[in-house]
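Asks: Here you go, sequence then predicted model.
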Amino acid sequence: MLPKLKVMNLTDAAAARVKEIIENSETPIVGVRVGVRNGGCAGMSYTIEYADSIRPGDEVVEDKGVTVLVDPKAVLFLLGTVMDFRVTKLSSQFVFENPNQTSACGCGESVALTPANPEQLASAGA
């Protein structure tokens, strides 16, 4: 049996930031939940929220000692994505290197995403 394909991976910086978020949360959380929503000038935007529990259907990603939950509606849009955390002089934010992204708006707040082909998932061992 082939190992299950991981929906996304985290960089060391992203894992460190998720760990910091979990440790500094005022209430117990299991990790963060990542998803996508319709909106913005390019069509979709990424979402991140505290996850106090694992919901039915969540894709659980364990990477570098932290837990990231992927909303089930976002799995095909996020397949193969690398989640990073970057700090610049003007901002600090999670960024997503997503092979399913076809374009982005000029302000960087929204993206155009094409869902991964389910046949590719089957051949990749998912």
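Replies: Received the coordinates, thanks. Remember, it's a predicted structure, so these values are computed and weren't measured experimentally.

Asks: Bridge partners for the most centrally placed residue in the chain, pull those for me.
Replies: Residue closest to the mean C-alpha point of the chain, counted by C-alpha atoms, centre = their mean, is Val34 at 4.4 Å. For Val34, the beta-bridge partners under DSSP bridges are Ile48, Val70.

Asks: next one: the one 4 residues further on
Replies: In this structure, Asn38 bridges to Met44 when assessed by DSSP bridges.

Asks: Check the contact between Ala13 and Met83; I expect there is one.
Replies: No: contact status for Ala13 versus Met83: not in contact, 9.5 Å apart, counting by C-beta atoms under 8 Å. No exception for glycine: its C-beta is placed from N, CA and C like everyone else's.

Asks: Compare these two (neighbour count), which wins?
Replies: For Ala13 and Met83, the more surrounded residue by other C-beta atoms under 10 Å is Met83, and the numbers stand at 27 against 15.

Asks: Format the CA atom coordinates belonging to the helix or strand that one falls within as CSV.
Replies: For Met83, the element it lies in under DSSP states H and E is strand 81-87. Included here for strand 81-87 are C-alpha records, laid out as CSV according to Å, rounded to 0.1, in the frame of the first residue of the first chain:
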residue,chain,number,x,y,z
THR,A,81,1.2,23.7,-1.5
VAL,A,82,4.1,24.8,0.7
MET,A,83,3.1,27.1,3.6
ASP,A,84,5.8,29.6,4.7
PHE,A,85,5.9,32.5,7.1
ARG,A,86,7.8,35.6,6.0
VAL,A,87,8.7,38.7,7.9
